[in-house]
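**Q** Pasting a predicted model and its sequence here:
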Amino acid sequence: MGDDDREPLSAVGISALTDGPAFTRRDLLRSAAAVGVGAGVGLLLPGVAEAKSKFPIGAATRSKSKPVSITMWHSMTEANLQTLQKLTDQFHRSQKNVRVNLVGQNSYTDTLTAYTTALSAGTSKLPDVLQWETSLIQLLIDSQSVVPVGSAVAADHYSLGDYVPSMLNYFRVNGTLWAMPFNISSQVLYYDQNVLVKAGLDPTKPPTTLNGLRTAAKKIVSSGAAKYGMSLKGAPATFELFMSLGNKTVVNHSNGRKGRATAVTFDDALGRSIFSWWSGMLNDKLAQETAPTGTGVYDNLLAIGSGIAPMTLDTSAALGTILVVLTQKQYANVKLGVGPIPSPGSKPAKSGGVFIGGAGLYIVKKSAAHQDAAWQFIKFLTSPDQQATWAVGTGYVPVRKASLSNPTLSKAWNSVPGYRVPYQQLLSSPVNPACAGYVSGAANQIDTAIQNALAALANGTPAKQALNEAASAANSAIRSYNQRV
Amino acid sequence: MPATEASARRTRHLRLVVRYAVLIGAAAIVLFPIYITIVDALLTPQQITHRPPTLFPTDPQWNTFVTAFRQGSLGIYLRNSAIVTFAVVALEVTTSVLAAYAFVFLKFPARKILFFACLATLMVPGEATLIPNYQTINGLGLLNTFPSLILPFVASGIGIFLFRQAFLGFPPELRDAAQLDGCGHLKFLFRIVAPINRSVIAAFALFAFLSAWNQYLWPLVVTQTDSVRTVQIGLRQLSGANFSQFNVVFAGTILAALPIAILLLLFQRQLVAGLTAGAVKG
Amino acid sequence: MSAKTLRRLREGALGYLLVLPALGAFGLFVFYPLVKTAYLGFFLAPPTPNLPSHYVGFHQYGQVLGSSEFVSDLGRTAFFVLLTVPTGIVVGLLLANLAHTKVPGIRAFRTIYSSTVATSTAVASVAFLTLLNPQIGVLSYLFGKAGGNGVLANPHWALPAVAMVTVWQNIGFTFILMSAALQSLPQEVLEAAKVDGASGSVRFRQIVLPLLSPILFFAAVIGVIGGFQSFGQIDLLTQGGPNHASLVLIYDIYQQAFQFNNPGYAAVLSIALFGILLVLTFVQFFFFQRRVSYASD
């Protein structure tokens, strides 16, 4: 299939999006909040832990064997990989001291396997720059194989003032900044405006709370506009985001950021109310459950296209793909809307917010010249213009506020305003432990436990029982991990 | 008399019709998934997602196969599978023939015990040795290389067992006669024993080919890049593809099965012999 | 030293030389790792392999094998074996019996029935993964499960669906096996029974089945062992989910070792798997040994 097939259809999808001013209201609200948060950021940057270790700034420039050749392991494919390659080429043109060799690992899981394997063979097999999935941060810290990015920031007197605070917040554990945010996404509400209209709802005002989501779903179903109000994909991150939106932690010790987490906290009142909301949506046939893994990961999006369930929550990173698919002729009557992820309860919690999805860039403990070279490259990749190129090429959210004044980015975002939604909700997220997201070395198992509980809800298990089972499975995984570390 | 003859003939005809109906029905059930996979490989992504499903490709998209071959790196995966499989089969057959020959025609201390050790390997599932083998390969610095995919499979307990059974049927007088003629052991093995038992060797080679080609868990664990991934693992990569490319996934599936399908058609008899060798002997 | 001793020595040396490649490979990749697996079970493994591990003796064995997770793993694995083995044998036998006739074109049918031999676990699984997809799958459409989360995401149906794919993929093999067995039956016995007037189904039950028992035994053993080792279809179709519904022993081993970075735990499970297969093989062997009749007797 050639590119020619896609092009005219692509235009349809974008016009479908631009028609909807669905974002503006929340946009304003979010930006207002963001101003307040942004002002306080400078004060929140702890320099103590970061200044302790001496980072070898300038070691690559001083190195006798130039250029210093470093390796970056990434998990990017297709368009994302092409954009990464483009940025790397730009980096090579911009300076002569450092050469970067990109090595693809296909997926975050493959990166995890390859990295742990390489660890057992000594540092020689390790990369210098590592793109590592957000949720696995504690495991990497525990491996004692990376240098905190914060130490490079301190030694380089590098200003973090322009980075989106909630993104940095994610990578801080015990006051130390471990990685730079790089490819960042956030979950948003996708919906078909046409179905909302048919159900008598205002397509410019998508639900902003879980209660509102339920009311809207009820209207959609009772009006016969669609079979279900929405698809609920049983992804653990969705539940964890509801927790942070309600300003509650997932694990203890301030989400594992003030000390190693020893138990989960998600089985609290908020957790219970989210679980009963979830199970109520499924039991009352207001939502259909779709699979969070395998080929099922797109079923919730396909269901918007087929008109079975016109709303769903999913990562903003999927927006580009959705646009491509919606351009297919059979989906011509879908008018996509993008809204912020709704908060639990009936109104947004006071200091609730969202944490990031995606991955960060880490500096691996190698020779001084390599560490410095890695830092140079990371700085380059997260500069405002590069982040603008990155966001336009991939659909990820830029990590720099200054990227927004980049003409290419503003042009692209003006034609598809949906891209602003995840950025705005991350920008307006407060810097506190609950909104930072949780860290634990057993994150994989904790997420699996939550995923299993959500699957159990779909199967009719009572909310309370499912939540308790998830908590006890997660707790034993945390215990086992802490015992082994 | 003629009346009963006619009715007998009618019954016979009816039986035949029923038998064919059942044969065809069963064939349809067995073939249906394969048929749909081929059809879907030839449809556009739009047609695949369309309901009700399209069961016949009116406008077959043959170049989806080209896309799968190129973009899905399927060409590389198939090449890798071929390299690994041929190496494994050649090595397995060689080591098994040599060992079986020694167990049958040579006398040396602990022969029985060593043969029993070979048989005992049949009791050890590959999964029980997965972690240390992974560590060994990693320790040798061979992870993500062709040797890592080949080394653990250079010997086969089944091969040794089958060849020993076959060689045991060899008339001892012939061996003595050959020895009198001044024929050494290796010459005897390669000139006489191996050629005579070529059907058993071919059957086992095909069996070994199938198992090596279809390996999944081990290649999944030791490969990290497309340059060495086998086609089975390549399919796993492919199945994670974007949902606008389901047709490419289907085409990849067909391409991955094609080599074995051709082999099956060419060597049906040996394949049957290979697959049933253990059973019929046991 | 006499010429005879010398020759015997040389023969012995050659013998060792010839078995060395095979036994060397077995030593390095079967026996040593088996012992090492048992040994790894004595240690709590660190989350990443560059850190030290802690010796805990039999503690980890007790903890893992006594856990309810392990018991559930075993239950699901047994259920999977139960779903695949008898069905597989019955289907294979029915098809073989169906094709055991001399009508024109029967060769084509035999080729069709053995055709799934050409598919690997991965090929079959990836094909069915899309066929069973609730949104685009043809099978889910035909079975009226369109929309919703589909069989693979349903805790009740996930494992049976995986079993169905397994049975389908093995049809070719069981068919070939059963056909070969039918063809090897002594034709005189069947002819004699025909002359005696035994009807088709009686003939099959009372004469063919007993004669086939060795091959059925073989197929059962292969099936049970294969069932315990079924990994690819689980990995591709359900990844052990939803909510552990298809988490069989082998997949737990893989997850613990390679996804949860807990090789010590996985080692204990591996030893359990080895023990179970060993016992099963012996039990089945001795149990069937007494009951099966051998055609050659």
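**A** Arrived safely, thanks for sending.
**Q** residues touching the residue positioned nearest the centre of chain B, list them.
**A** For chain B, B:Leu210 is the residue whose C-alpha lies nearest the centre (CA atoms, centre = their mean; 0.7 Å). Taking CB atoms under 8 Å, 6 or more residues apart in numbering or on different chains, we find B:Leu210 in contact with B:Ile260, B:Leu271, B:Gly274, B:Leu275, C:Val117. Glycine gets a C-beta too; all of them are placed from N, C-alpha and C.
**Q** And those, which is closest to chain A?
**A** Chain A lies nearest to B:Ile260 out of the contacts of B:Leu210, by CB to the nearest CB, at 23.9 Å.
**Q** what's the helix or strand for the closest one?
**A** helix B:246-266 (DSSP states H and E).
**Q** And that helix, what's buried?
**A** Neighbour-count burial for helix B:246-266 flags B:246-257, B:259-261, B:263-264 (criterion: 16 or more other CB atoms under 10 Å in any protein chain shown).
**Q** pLDDT score assigned to A:Pro46?
**A** On the pLDDT scale, A:Pro46 is placed at 42.
**Q** er, C:Ala193 I mean
**A** We have a pLDDT of 71 for C:Ala193.
**Q** next one: B:Leu238
**A** B:Leu238 is given a pLDDT of 79.
**Q** how far away is the closest residue to A:Ala402 other than its chain neighbours from chain C?
**A** Excluding its sequence neighbours, the residue lying closest to A:Ala402 (CB to CB, 6 or more residues apart in numbering or on different chains) is A:Pro384, at 3.7 Å. Going from A:Pro384 to chain C by CB to the nearest CB, to the nearest Å gives 35 Å.
**Q** The buried residues of helix B:246-266: which ones sit near chain C?
**A** B:Phe246, B:Val249, B:Phe250, B:Gly252, B:Thr253, B:Ala256, B:Ala257, B:Ile260, B:Ala261, B:Leu263, B:Leu264 (CB under 8 Å from any CB of the partner chain).
**Q** so who does the fourth one touch?
**A** Applying CB under 8 Å, 6+ apart, we find B:Gly252 in contact with B:Ala68, B:Gly72, B:Leu74, B:Gly234, B:Leu235, B:Leu238, C:Val126.
**Q** Repeat that for the second one.
**A** With CB under 8 Å, 6+ apart as the criterion, the residues that contact B:Val249 are B:Ala68, B:Leu238, B:Ser239, B:Ala241, C:Val126, C:Thr130.
**Q** Would you verify that B:Gln215 is located in a helix?
**A** No - the assignment for B:Gln215, made by DSSP: H, G, I helix; E, B strand; the rest coil, is coil rather than a helix.
**Q** can you list the weak-confidence ranges in the stretch 51-200 of chain B?
**A** With pLDDT under 70 as the threshold, the stretch 51-200 of chain B has low-confidence stretches at B:72.
**Q** Show me where it has its strands.
**A** Counting by DSSP state E, counting those that start in this stretch, the stretch 51-200 of chain B forms no strands at all.
**Q** Can you name the residues of it sitting close to chain A?
**A** So the stretch 51-200 of chain B meets chain A at B:Arg51, B:Gln61, B:Thr67, B:Gln135, B:Asn138, B:Gly139, B:Gly141, B:Leu143 (CB under 8 Å from any CB).
**Q** Fine, thanks again, bye for now.
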